[in-house]
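In: I'll drop the sequence and a predicted model, then ask my questions.
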Amino acid sequence: MNKPLLIEFEVTCVDRSGATARLTLEPVGGVTMPMPAPGQFVNILVEHAHNTFLRRPISVNFAEPGSLMLMVKEAGEGTAVLVNSLPGDRYNILMPLGHGFTLPEKPEKCLLIGGGVGVAPLLYLGECLRQRGVEPVFVLGARNRKELDWQLPDFEKIGKTFVATEDGSLGTKGFVTQCPALDLEADRWYVCGPMPMMKAVAAAARKRNVECEVSLENKMACGLGACLCCVEDTADSGNVCTCTEGPVFNLNRLKW
Amino acid sequence: MVNLNIDLGAGLKLQNPVMTASGTFGYGREFESLTDLDRLGAIIVKGTTLEPRQGNPYPRMAETPSGMLNAVGLQNKGVDYFIEKIYPEIRHYKSNIIVNVSGAKVSDYVETARRLASLDGIPAIEVNISCPNVKSGGMAFGTTCAGSSEVTEAVRKVWPRHLMVKLSPNVTDITEIARAVEGSGADSVSLVNTFLGMAVDVERQRPFLSTVTGGLSGPCIRPIAIRMVWQVAKAVKIPVVGLGGIMNGRDAMEFILAGASAVQIGTANFVHPDATIRTVEWIEDYCRRHNITDFSTIVGALNR
Ligand SMILES: Cc1cc2nc3c(=O)[nH]c(=O)nc-3n(C[C@H](O)[C@H](O)[C@H](O)COP(=O)(O)OP(=O)(O)OC[C@H]3O[C@@H](n4cnc5c(N)ncnc54)[C@H](O)[C@@H]3O)c2cc1C
Ligand SMILES: Cc1cc2nc3c(=O)[nH]c(=O)nc-3n(C[C@H](O)[C@H](O)[C@H](O)COP(=O)(O)O)c2cc1C
Ligand code: FES
């Protein structure tokens, strides 16, 4: 696994829709960016916010040699600064961090299930799966069409994409758990989204007896396994750091 | 050439005055790719107890203005695990390794220190009588002179090398405690541990931390910590190690001028994982700019 490094990045492109923005960033000064694994995250220093002190953890939305994409949704002051970034802004980023999704050894049928800004890491996961000869199938949930339609082409380029919106303005009406696509034959589910959504999907995975990994968003400080603030209580080892043993966990390890 | 060496006595010689604060730097190796682990004054590892501890339930952390509250509660795998599994992997660092020792009972501190004494490569232990995040022991010892003396005296009997005692700031007069600890055989005191604090999630109408209260650290505590270091440095003859909210070399120099022979860097490691080494470099440059050839001559300059 790549060791984390501190790298200065410059924003080269900002795509915005409402309270969410996708930032494209490139390392400053020809520094080589270590390639993250899918499901890994970065810890980003937001220096221009008045009340943020700690770094903010954000998942890798996409990565190519020399370029990193982050999908950020405004949740408070730190993410507001990130969402309102302009090309040319610079950020000090600690990356890559954490333990990502397990990629199957042999071709398998994989369902990538996301909700809200939790769809972000699934894009990069989908691309990595595709490169290994797996055809990923996305099942994405959002509140409404506006939240998701601008991102859809990127997912559709990589794999078949099903959508559920709460107001029915796009795809199936309702939550992802109500999307018929969940009944597709699958060996493995990858899940990321808000806690209630992940718990509902996890329950469905248990019922179907399908291998399932979820990506947690516990509050973090260091992101390095040093402060022990981010722990999740696991069935096998008690409190473990979400930032190093996670953020992605096999459902069997969690006490859900 | 600037000589950054500092001798804290009883065999604890530092190549420079910058150490890591316990609980904020893991066992050092977490920062291997981010900072030079051979160039620190000392690496003070996570609080170690006799038995393994799971710590407090999540959530254990809340960000606060210029700082954070934590309620980790001394999660660690116990002293035997440290000796057998962790120490062999970190002993090769050229920085001193110091173990932070905690306990609920005096006998826990004593037994932990006794087992650590078998590791010749460990020049010092830091006895934590000031953790606000455990129900019994911890801070309870550090808030009275009698309790502080009792732990220090007992550990002194079994620990043959440098004995550093870490003081709680959650007291009325920290100089009294420092003097009590000095009188009981401590070779140095480190201060401060975290301040007892609390934060409330107003939307959910409940405390942010599972334990309700927790320890406040970071730059928000720095001016109080410096005041306490300044008071203690005048009250005792043993060396004082200063910490609390140091983010960089300039902050460290405030403590040093106020009387700290060395400093520890804690919460800053979470924001700037290379804060320790940058502080070493800043202090070296400061000495050069001020024509100081021997770092030790600047310690406590305010008090002269
Ligand atoms: C591993 C990981 C990956 C993440 N990936 C993304 C991502 O790709 N895109 C994205 O937009 N967000 C992501 N998040 C969540 C993001 O880190 C938080 O929204 C952000 O830290 C909030 O900071 P703030 O200053 O904007 O808000 P604050 O003012 O700090 O908080 C605003 C609200 O957000 C809540 N919050 C704070 N920190 C977190 C957190 N770590 N997780 C969940 N809620 C939090 C607070 O309780 C509060 O209700 C991720 C979190 C983790 C741990
Ligand atoms: C997450 C966290 C864990 C800590 N764990 C310990 C510990 O195990 N033992 C100890 O003596 N102090 C512990 N501390 C206290 C620090 O070592 C230090 O005394 C305090 O944070 C003040 O310094 P700072 O503001 O530079 O962080 C911890 C602090 C934090 C933030
Ligand atoms: S965030 Fe510090 S240990 Fe996970």
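Out: Everything's here; your move. Keep in mind the model is a prediction, meaning the values are calculated, not measured. Ligands and ions are numbered 1, 2, ... in the order given.
In: quick one: low-confidence parts of the stretch 151-300 of chain B?
Out: For the stretch 151-300 of chain B, no stretch is flagged by pLDDT under 70.
In: need the residues of it near ligand 2, please.
Out: B:166, B:193-194, B:217-218, B:221, B:243-246, B:265-268 (Cβ under 6 Å from any ligand atom). Every residue, glycine included, has its C-beta placed from N, CA and C.
In: reformat those residues as CSV; add secondary structure.
Out: Shown next, in CSV, are these (DSSP: H, G, I helix; E, B strand; the rest coil):
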residue, secondary structure
B:166, strand
B:193, coil
B:194, coil
B:217, strand
B:218, coil
B:221, helix
B:243, coil
B:244, coil
B:245, coil
B:246, coil
B:265, strand
B:266, coil
B:267, coil
B:268, helix
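In: ligand 1: which of the residues you listed is nearest?
Out: Set against ligand 1, the nearest of those by Cβ to the nearest ligand atom is residue B:218 (14.8 Å).
In: number of residues surrounding residue A:90?
Out: 14 (other Cβ atoms under 10 Å in any protein chain shown).
In: for the residues of the stretch 151-300 of chain B next to ligand 2, which one is nearest residue B:105?
Out: residue B:166 (17.7 Å; Cβ to Cβ).
In: please report how far that closest one lies from residue B:148.
Out: 10 Å (Cβ to Cβ, to the nearest Å).
In: helix, strand or coil: sort out the residue in the stretch 101-250 of chain A positioned nearest to ligand 2 for me.
Out: Nearest residue of the stretch 101-250 of chain A to ligand 2: residue A:227, at 4.1 Å (Cβ to the nearest ligand atom). Here residue A:227 is coil, with the state taken from three-state DSSP.
In: that older thread, between residue B:166 and residue B:148, which contacts overlap?
Out: B:129, B:142 (Cβ atoms under 8 Å, 6 or more residues apart in numbering or on different chains).
In: residue contacts, the residue of chain B found nearest ligand 3?
Out: Closest residue of chain B to ligand 3, Cβ to the nearest ligand atom: residue B:270 (6.8 Å). By Cβ under 8 Å, 6+ apart, the residues touching residue B:270 are A:54-55, A:221-223, A:226-227, B:24, B:68.
In: so it, which of the three states?
Out: helix.
In: output the lengthiest strand in chain A in CSV with nothing but the alpha carbons.
Out: Once chain A is assigned using DSSP state E, the strand that runs over the most residues is strand A:5-17. The C-alpha coordinates for strand A:5-17 follow below in CSV (Å, rounded to 0.1, in the frame of the first residue of the first chain):
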residue,chain,number,x,y,z
LEU,A,5,2.4,12.0,1.7
LEU,A,6,1.7,15.7,2.1
ILE,A,7,1.2,17.2,-1.3
GLU,A,8,0.3,20.8,-2.4
PHE,A,9,-2.4,20.7,-5.0
GLU,A,10,-3.9,23.3,-7.3
VAL,A,11,-7.5,23.3,-8.4
THR,A,12,-7.7,23.2,-12.2
CYS,A,13,-11.4,22.8,-12.7
VAL,A,14,-14.6,23.2,-10.7
ASP,A,15,-17.9,21.7,-11.8
ARG,A,16,-20.7,22.9,-9.6
SER,A,17,-24.3,22.0,-9.1
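In: over to residue B:225: give its phi and psi.
Out: Note on residue B:225: backbone dihedrals following degrees, to the nearest 10 are phi -60, psi -40.
In: the closest residue to it other than its chain neighbours - how many residues pack around it?
Out: Nearest residue to residue B:225 in three dimensions, chain neighbours excluded: residue B:244, at 2.7 Å (Cβ to Cβ, 6 or more residues apart in numbering or on different chains). By the criterion of other Cβ under 10 Å, residue B:244 has 32 neighbours.
In: what's the answer for residue A:32, then?
Out: Residues within reach of residue A:32, counting by other Cβ under 10 Å, total 10.
In: how about the contacts made by residue A:178?
Out: A:164, A:172.
In: no wait, residue A:188
Out: A:104, A:108-111, A:210-213.
In: measure residue B:25 to residue B:31 for me?
Out: 6 Å.
In: neighbour count winner among these two?
Out: Legend: neighbour count by other Cβ under 10 Å for residue B:25 and residue B:31, higher for residue B:25 (31 against 26).
In: hang on, isn't that one packed against residue A:226?
Out: Yes. Contact criterion Cβ atoms under 8 Å: residue B:25 and residue A:226 qualify, at 5.8 Å.
In: need the residues touching each of these two.
Out: Common neighbours of residue B:25 and residue A:226 (Cβ under 8 Å, 6+ apart) are B:31, B:269.
In: what residues does the stretch 101-250 of chain A put near ligand 1?
Out: A:117, A:120, A:217-220, A:247.
In: return the member of those residues nearest to residue B:20.
Out: Minimum distance to residue B:20 across those is 19.1 Å, recorded for residue A:220 (Cβ to Cβ).
In: ok, for that closest one, nearest residue in space, not its chain neighbours?
Out: Spatially, and ignoring its direct neighbours in sequence, residue A:220 is nearest to residue A:230 (4.4 Å; Cβ to Cβ, 6+ apart).
In: and that neighbour, how many neighbours does it have?
Out: The local packing of residue A:230 (other Cβ under 10 Å) involves 29 other residues.
In: quick check: residues of the stretch 151-256 of chain A near ligand 2?
Out: So the stretch 151-256 of chain A meets ligand 2 at A:227, A:229 (Cβ under 6 Å from any ligand atom).
In: one more pass at 8 Å, please.
Out: Contact residues, the stretch 151-256 of chain A versus ligand 2 (Cβ under 8 Å from any ligand atom): A:221, A:227-229.
In: of these, just say which sits nearest to residue A:201.
Out: Among those, and counting by Cβ to Cβ, the member closest to residue A:201 is residue A:229, at 26.2 Å.
In: any idea whether the residue in the stretch 51-200 of chain A positioned nearest to ligand 3 is helix, strand or coil?
Out: Residue of the stretch 51-200 of chain A nearest ligand 3, by Cβ to the nearest ligand atom: residue A:57 (8.0 Å). Following three-state DSSP, residue A:57 is assigned to strand.
In: so what's the residue sitting nearest the centre point of chain A up against?
Out: Centrality entry for chain A: nearest residue to the mean C-alpha point is residue A:121, 2.8 Å, by Cα atoms, centre = their mean. Contact analysis of residue A:121 by Cβ under 8 Å, 6+ apart lists A:38-39, A:41, A:59-61, A:100-101, A:114, A:192, A:215.
In: out of these, who's nearest residue B:277?
Out: When the contacts of residue A:121 are ranked by distance to residue B:277 (Cβ to Cβ), residue A:41 comes first, at 24.5 Å.
In: what comes into contact with stretch B:118-127?
Out: With Cβ under 8 Å, 6+ apart, stretch B:118-127 has contacts from B:8, B:10-13, B:22, B:42, B:44, B:83, B:87, B:91, B:96-101, B:109, B:113, B:116, B:151-152, B:155, B:159, B:161-166, B:187, B:190.
In: done for today, thanks.
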